[in-house]
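In: Please work out how this folds:
(one chain, ligands or ions: 2)
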Amino acid sequence: CWARVRTRLRQEVGDVEYRNWLRQMSLAGVEGESVLIHLPTRFLRDWVRDHYGDRLRLLCQAEMPGVRLVELRVQAASRAEKAAIEQEVAEASPLAESLAPAAATPAMAEPVRNDWLVPLDPRFTFDSFVVGKPNEFAHACARRVAEKPAQAGFNPLFLYGGVGLGKTHLMHAIAWSLRERDPNLSVAYMSAEKFMYRFIAALRSHNTMEFKTQLRSVHVLMVDDLQFLIGKDNTQEEFFHTFNALIDAGKQIIISADKAPNDLSGIEDRLRTRLSGGIVADLHATTYELRLSILQSKATISGVEVPPRVQELLARKIASNVRDLEGALNRVVAHAKLFGRPVTLESVPEVLSDILRAHDKRLSIDDIQRKVAEHYNIRLTEMASARRSRAVARPRQVAMYLAKQLTSRSLPEIGRRFGNRDHTTVLHAVNKITELMAEDPAFAEDVTLLRKMLEM
Ligand code: ADP
Ligand code: MG
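Out: Ligands and ions are numbered 1, 2, ... in the order given. Purely as a prediction, here's the structure:
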């Protein structure tokens with residue numbers, strides 16, 4: 001039945017691709033519900049897993065009774081891996097030099113084979129994309145292109161921004177929208193990495209004509225994460241020709257990268273110029289408001305009730321990017337579903353302790369002073385004032401104590417932030433509060449609560 005899996009895979013992906021990526025798979029055995037497959041290098045293992053993993057699993061499930069999972073393992077040492085990659089580069093270079101530039105664009109071509117394309121993620125649509133200040137321009141451009149591809153001024157569309165801010169989501173959304181409107185339109189989406197491996201595979205099998213023909217027959221070409229082509233001169237060259245051929249033929253091109261064209265060092269000037277020749281739109285870092293709207297939207301989709309306070313906590317704490325935010329929410333939701341417990345402000349810090357710790361901004365003395373002043377209902381300025389009445393002196397001491405416990409500031413540094421007090425004053429405060437906490441459980445509980453709120 002393994003032979004049948006291989007045959008079906010070969011039929012699905014075609015000979016060239018099979019030869020390049022899948023031929024070297026060997027069946028190592030079946031352990032329980034898992035089928036173990038060996039590949040000689042990590043490179044191949046990762047490639048097969050990322051590009052054929054799902055297919056492989058489905059075929060194994062269909063052909064091999066009792067199998068539910070596929071496990072890919074590297075069998076050979078990593079020296080072999082290096083050799084394989086070196087060999088690949090060596091094989092790519094001399095041939096690439098001899099490639100004729102775009103001159104011979106073949107006449108009409110057969111439609112792009114499906115296995116060329118990365119499948120589109122069904123979740124990445126315009127409907128599920130939450131628009132806010134940081135992404136409204138990029139979103140508007142994407143909508144515009146989706147409504148009318150290849151219009152003047154919007155070709156190419158170049159989207160850029162840091163990881164996890166929605167570039168891939170927007171590209172897929174455009175593709176879904178275009179396909180929905182016109183199923184005959186051929187829309188090709190691929191990562192720059194995939195573009196390169198296709199190209200190398202074509203070079204190896206002396207099939208570059210087919211590669212060019214297929215690429216140039218699409219109506220819309222999307223290449224994601226273009227920064228991958230930095231330093232890959234031959235692939236960049238090929239991309240440049242494809243790019244020109246398509247633009248000249250009135251096709252739409254959509255590119256994403258982590259930086260603006262001008263900041264992509266290691267990209268040839270002429271390509272850079274062409275990349276900025278249409279519209280360049282950036283996805284800015286998220287704001288608190290956008291993160292909150294995204295959480296609201298995703299929490300609703302999840303079907304699990306996530307209280308507003310929890311959403312606020314996540315939006316405040318996980319500010320890096322949408323992907324991380326989504327990851328945190330997914331875990332909270334999965335936890336609630338698995339254990340059938342509601343999501344609460346108390347449970348979340350535990351469920352997400354590792355994630356929250358990783359995102360923990362260093363607490364500042366300002367934060368502590370603000371929170372303590374708020375808690376005791378005194379003015380923030382009292383933290384640095386000279387007043388000694390108990391009503392302000394005690395909270396000030398609590399703040400000093402917490403600053404010592406929760407930050408890495410030294411006593412003199414802390415003293416300076418509290419109205420230029422001496423380090424002995426801070427030390428006295430720390431000792432005093434420690435003492436009071438030991439004597440008075442209600443006071444201890446109060447300070448502990450403050451500490452928890454600050455640490456959250
Ligand atoms: P990038 O390609 O820029 O690295 P992605 O497009 O892969 O980022 O986005 C990462 C995750 O965050 C995806 O799951 C995506 O759906 C989600 N995401 C990003 N921005 C938004 C948004 N504005 N609204 C809804 N989901 C978003
Ligand atoms: Mg992406």
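In: residues near whatever residue of the stretch 1-150 of the chain ends up closest to ligand 2, how many?
Out: Proximity of the stretch 1-150 of the chain to ligand 2 (CB to the ion) peaks at residue 124, 9.8 Å away. Bear in mind the C-beta positions are built from the backbone N, C-alpha and C, glycine included. Residue 124 sits with 19 neighbouring residues when counted by other CB atoms under 10 Å.
In: Please name the residues that touch it.
Out: By CB atoms under 8 Å, 6 or more residues apart in numbering, residue 124 lies in contact with 168, 169, 170, 171, 172, 173, 176.
In: Which of the residues you listed has the largest number of neighbours?
Out: Neighbour-wise, those (other CB under 10 Å) top out at residue 170, 29 neighbours.
In: continuing past the helix or strand containing that one, what's the next helix or strand?
Out: Residue 170 belongs to helix 167-181 when assigned by DSSP states H and E. Under the assignment DSSP H and E, the closest C-terminal helix or strand after helix 167-181 is strand 187-191.
In: so what does the helix or strand that that next one is followed by touch, helix or strand wise?
Out: Using DSSP H and E, the helix or strand that follows strand 187-191 in sequence is helix 192-204. Helix 192-204 sits against helix 15-17, helix 78-97, helix 208-216, strand 220-224, helix 233-248, with contacts defined as 3 or more CB pairs under 8 Å, 6 or more residues apart in numbering; DSSP states H and E.
In: least reliable of those going by mean pLDDT?
Out: Mean pLDDT across the helices and strands packed on helix 192-204 is lowest at helix 78-97; the value there is a mean of 43.
In: Buried residues of the helix or strand hosting residue 46, list them for me.
Out: Here residue 46 sits within helix 42-63, counting by DSSP H and E. Within helix 42-63, the residues that count as buried by 16 or more other CB atoms under 10 Å are 42-45, 47-49, 51-52, 55-57, 59-61, 63.
In: end to end, how far does stretch 153-171 reach?
Out: 18 Å (CA to CA, to the nearest Å).
In: before we move on, what about stretch 410-423?
Out: Terminal residues of stretch 410-423 are spaced 9 Å apart (CA to CA).
In: Now do that stretch: everything it contacts.
Out: The contact list for stretch 410-423 (CB under 8 Å, 6+ apart) reads 365, 369, 383-386, 396, 399-400, 403-404, 407, 409, 425-427.
In: what do you get for stretch 43-62?
Out: With contact meaning CB under 8 Å, 6+ apart, stretch 43-62 is reached by 5, 8-9, 12-13, 21-22, 24-25, 35, 37, 39, 67-70, 72-74, 81, 84-85, 194, 197.
In: coming back round to it: can I get the contacts of residue 124 in JSON lines with pLDDT and distance to ligand 2?
Out: JSON lines is the format used below for the contacts of residue 124 (pLDDT from 0 to 100; distance: CB to the ion, whole Å):
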{"residue": "168", "pLDDT": "97", "distance to ligand 2": "3"}
{"residue": "169", "pLDDT": "97", "distance to ligand 2": "8"}
{"residue": "170", "pLDDT": "98", "distance to ligand 2": "9"}
{"residue": "171", "pLDDT": "97", "distance to ligand 2": "8"}
{"residue": "172", "pLDDT": "96", "distance to ligand 2": "9"}
{"residue": "173", "pLDDT": "97", "distance to ligand 2": "13"}
{"residue": "176", "pLDDT": "94", "distance to ligand 2": "16"}
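In: distance between stretch 407-425 and the chain's centre?
Out: 41 Å (CA atoms, centre = their mean, to the nearest Å).
In: And ligand 1, is stretch 235-255 touching that?
Out: No - on the criterion CB under 6 Å from any ligand atom, stretch 235-255 is out of touch with ligand 1, staying 12.3 Å away.
In: Can you mark which positions in stretch 307-325 are buried?
Out: Here stretch 307-325 shows 310-311, 313-315, 317-322, 324-325 as buried, counting by 16+ other CB under 10 Å.
In: of all these, which two lie farthest apart?
Out: Maximum pairwise distance among those (CB to CB): 19.3 Å, between 310 and 321.
In: Give me every residue in this protein lying close to ligand 1.
Out: When proximity is defined by CB under 6 Å from any ligand atom, the chain lies next to ligand 1 at 124, 128-130, 135, 161, 163-169, 294, 322-323, 326.
In: if you look at those, which of them are in strands?
Out: Among those, the members falling in strands (DSSP state E) are residue 161.
In: Which members of the residues of the chain next to ligand 1 are classed as buried?
Out: Here, 16+ other CB under 10 Å leaves 124, 129-130, 135, 161, 164-169, 294, 322, 326 buried among the residues of the chain next to ligand 1.
In: what's the closest of those residues to residue 243?
Out: residue 167 (18.1 Å).
In: Ligand 2 versus the residue lying closest to that closest one once chain neighbours are set aside, what's the distance?
Out: Nearest non-adjacent residue to residue 167, counting by CB to CB, 6 or more residues apart in numbering: residue 256, 4.1 Å away. According to CB to the ion, to the nearest Å, residue 256 and ligand 2 sit 7 Å apart.
In: got a list of what residue 256 touches?
Out: Contact analysis of residue 256 by CB under 8 Å, 6+ apart lists 158, 159, 160, 167, 168, 170, 171, 222, 223, 224, 225, 226.
In: tell me which element it is part of?
Out: strand 252-257.
In: Quick check: which element contains residue 434?
Out: helix 423-439.
In: Just give me how far that helix sits from the chain centre.
Out: For helix 423-439, the separation from the chain centroid amounts to 46 Å (computed by CA atoms, centre = their mean).
In: what do you get for stretch 180-188?
Out: 26 Å.
In: buried sites along it?
Out: Per 16+ other CB under 10 Å, stretch 180-188 contains these buried residues: 186, 187, 188.
In: Mind checking the pLDDT average for it?
Out: Predicted confidence along stretch 180-188 averages 89 (mean pLDDT).
In: coming back round to it: what angle separates the helix holding residue 170 from strand 252-257?
Out: Taking axes from the mean of the first three to the mean of the last three CA atoms, to 10 degrees, one finds helix 167-181 and strand 252-257 inclined to each other by 160 degrees.
In: And the contacts of stretch 410-423, which is closest to residue 341?
Out: residue 407 (33.9 Å).
In: Next one: the closest one from ligand 2, what distance?
Out: 36 Å.
In: and the chain, what are its domains?
Out: 2-76, 116-283, 288-359, 365-455 (automatic domain parsing).
In: any idea which of those is most buried?
Out: With neighbours taken as mean count of other CB atoms under 10 Å, these reach their highest mean count in domain 116-283, at a mean of 19.
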